[in-house]
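Visitor: just need the structure, nothing else, for what follows:
(one chain, ligands or ions: 1)
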Amino acid sequence: MSHVFHRNLHQDYPTAVQGDGPYIVDREGRRYLDASGGAAVSCLGHSDEAVAQAIKDQVSRLAYAHTSFFTSEPMEQLADFLIERAPAGLDSVYFVSGGSEAVEAALKLARQYFVEIGQPQRKHLIARRQSYHGNTLGALATGGNAWRRQQFEPLLINVSHVSPCYAYRDQQPDETPEAMGVRLAAELEAEILRLGGENVMAFVAEPVVGATLGAVTAVPGYFTRIREVCDRYGVLLILDEVMCGMGRTGSLFAAEQEGVTADLITIAKGLGAGYQPIGATLVSQRIRDAIANGSGFFQHGHTYIGHATACAAALAVQQAIESRDLLTRVNVLGEGLQARLGERFANHPHIGDIRGRGLFQGLELVADRDSKRPFDPALKLHARLKKAAMAEGLMCYPMGGTLDGRQGDHILLAPPFMLEGSHLDEITDRLGRAI
Ligand code: PMP
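Guide: So this is what the prediction gives:
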């Protein structure tokens, strides 16, 4: 037995020793097709030589320079690269080491912004039920999953939760998708009014919901209406693109496809594609200006922020995605994957819904298709499915349903962008056997 304190102490894990494009190989030589990109991380596949070379070059030149003394070339270049391609209004990048840290930075930037502009009473955050925004205490308080939150209460910030945009379960009979968006925007507005518009700091949501719901896209018009409501009350919009961003849904930022811009966007997983730990919070000009023209000092930071090697790795990843035209592949392969999942599972008695965008696809498992009744969570179907898939040499990302029956177990697929068509068949074949 190894001395690793693994997060699941009831399970044995194979030892990964080698990456090979879309595969990970374990110490026994077994190959696993990475159909989940880990957790929507490995968008470039494993052991990419161009990225490895960029990391080696940077480490040889300068691995790390503390940000209280220096900026660095890779940090500046990566910030420029991101802002040139980001939705309008965003003008600077705060680098961190992962998704939870990016969310923490966004929360504190929002809070400090209102302090700087003389509205310190704006402390209240609104997020959505059944959401996940990370595991550090602020990000955990933000997320709307009662089970994850309860043992760590009292949590650190004031958060209330409104409904997610989850058409498969929550669209009402006779309601059009557009009407659903109107209803949910009205729900947000009612919550802002209940709290007092002058007390609300920000609303946070994932443009496409990843881990908690399994690639759930919003109904058309939802985010533009949400943006209008936020603007009406001076509430900031934070879009969490930690999972769905950086090309995963077919555009570099998922917000582009919703036609909205945000005051803060968090990114992480696909940014460094697993080659180095890195995350970032993209900051709008008005937030940056408020701090620049006020105290001038963002009261936040960690030792490894803006790590030169991590920035060099992320820059190499993003340049590879662009120069190899991989976002075109995301769209083409995404359609191919969705078509194959449809052929294979649309009539399966226990697959209630197949959904997603680009190479971010989800399947929801149900005990009964007509009533959409989820399986009993006590069956731990998601855990059994993950085990069965690994035995088939497939990495997919199943998650459990909620105890209140508001959602079923689901499987998230988020493979690397450099797959071949044959890999799509391999994914559906192996997944079919596992299910
Ligand atoms: N936000 C979202 C939407 C995520 O999916 C995750 C991770 N699953 C996080 C934040 C937290 O990121 P990390 O695990 O890198 O801290």
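Visitor: just the buried residues of stretch 60-68, please?
Guide: For stretch 60-68, the neighbour count (16 or more other C-beta atoms under 10 Å) marks Tyr64, Thr67 as buried. C-beta here means a position set from N, CA and C on the backbone, and glycine is covered the same way.
Visitor: other residues contacting that stretch?
Guide: Ser72, Gly301, Thr303, Tyr304, Ile305, Gly306, His307, Ala308, Thr309 (C-beta atoms under 8 Å, 6 or more residues apart in numbering).
Visitor: identify the farthest-apart pair in these.
Guide: Gly301 and Thr309 (18.2 Å; C-beta to C-beta).
Visitor: domains for the protein, by residue range?
Guide: 16-48+325-434, 53-323 (automatic domain parsing).
Visitor: can you redo those domains as a markdown table with mean pLDDT?
Guide: Shown next, in a markdown table, are the domains of the chain (pLDDT from 0 to 100):
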| stretch | mean pLDDT |
| --- | --- |
| domain 16-48+325-434 | 95 |
| domain 53-323 | 97 |
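Visitor: turn these into TSV, including distance to the ligand.
Guide: What follows is those, written out as TSV (distance: least, C-beta to the nearest ligand atom, whole Å):
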stretch	distance to the ligand
domain 16-48+325-434	5
domain 53-323	2
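Visitor: the ones you listed: which one's closest to Asn8?
Guide: Closest among the domains of the chain, once you apply C-beta to C-beta, is domain 16-48+325-434, at 9.0 Å.
Visitor: and the strands in the stretch 201-350 of the chain?
Guide: Assigned by DSSP state E, counting those that start in this stretch, the stretch 201-350 of the chain shows strands spanning 208-209, 216-217, 236-240, 264-267, 279-284.
Visitor: for the residue nearest the centre of the chain, what are its contacts?
Guide: Residue closest to the mean C-alpha point of the chain, counted by C-alpha atoms, centre = their mean, is Met243 at 1.9 Å. The contact partners of Met243, by C-beta under 8 Å, 6+ apart, come to Ala39, Ala40, Gly99, Glu206, Gly210, Ala211, Lys269, Phe360, Ala414.
Visitor: just the strands of the stretch 201-350 of the chain: most buried one?
Guide: strand 264-267 (a mean of 29; mean count of other C-beta atoms under 10 Å).
Visitor: restricted to helices, list the contacts of stretch 60-68.
Guide: Assigned to helices by DSSP state H, the following of the contacts of stretch 60-68 qualify: Ala308, Thr309.
Visitor: any of the contacts of stretch 60-68 buried? List them.
Guide: Buried, going by 16+ other C-beta under 10 Å: Ser72, Gly301, Tyr304, Ile305, Gly306, His307, Ala308, Thr309, out of the contacts of stretch 60-68.
Visitor: picking that back up, pick out the most distant pair among the contacts of Met243.
Guide: Gly99 and Phe360 (15.3 Å).
Visitor: quick one, helices of the stretch 151-300 of the chain?
Guide: Taking DSSP state H, counting those that start in this stretch as the test, the helices found in the stretch 151-300 of the chain are 167-170, 177-195, 222-232, 254-258, 269-272, 285-293.
Visitor: now render those helices as JSON lines, adding mean neighbour count and distance to Gly421.
Guide: Formatted as JSON lines, the helices of the stretch 151-300 of the chain follow (neighbours: other C-beta atoms under 10 Å; distance: least, C-beta to C-beta, whole Å):
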{"stretch": "helix 167-170", "mean neighbour count": "18", "distance to Gly421": "28"}
{"stretch": "helix 177-195", "mean neighbour count": "17", "distance to Gly421": "31"}
{"stretch": "helix 222-232", "mean neighbour count": "19", "distance to Gly421": "32"}
{"stretch": "helix 254-258", "mean neighbour count": "22", "distance to Gly421": "24"}
{"stretch": "helix 269-272", "mean neighbour count": "30", "distance to Gly421": "22"}
{"stretch": "helix 285-293", "mean neighbour count": "17", "distance to Gly421": "43"}
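Visitor: for Ile321, which of those is the nearest?
Guide: Minimum separation from Ile321 across those (C-beta to C-beta) falls at helix 269-272, 8.6 Å.
Visitor: check the offset of that closest one from the chain's centre.
Guide: With C-alpha atoms, centre = their mean, to the nearest Å as the basis, helix 269-272 stands 10 Å off its chain's centre.
Visitor: and what of stretch 33-41?
Guide: 13 Å.
Visitor: ok, and what's touching it?
Guide: Taking C-beta under 8 Å, 6+ apart as the rule, stretch 33-41 contacts 22-24, 42-43, 45-46, 210-211, 243-244, 248, 269-270, 273-274, 360, 393-397, 412-416, 423, 426-427, 430-431.
Visitor: can you report how many residues lie near Leu125?
Guide: Around Leu125 there are 25 other residues, counting by other C-beta atoms under 10 Å.
Visitor: show only the entries of the contacts of stretch 33-41 found in strands.
Guide: Tyr23, Ile24, Leu394, Met395, Tyr397, Leu412, Leu413 (DSSP state E).
Visitor: do stretch 5-12 and the ligand meet?
Guide: No. Against the ligand, stretch 5-12 shows no contacts by C-beta under 6 Å from any ligand atom, the least distance being 11.4 Å.
Visitor: buried ones in that stretch?
Guide: Buried residues in stretch 5-12 (16+ other C-beta under 10 Å): none.
Visitor: okay, how far is it across that stretch, tip to tip?
Guide: 12 Å (C-alpha to C-alpha, to the nearest Å).
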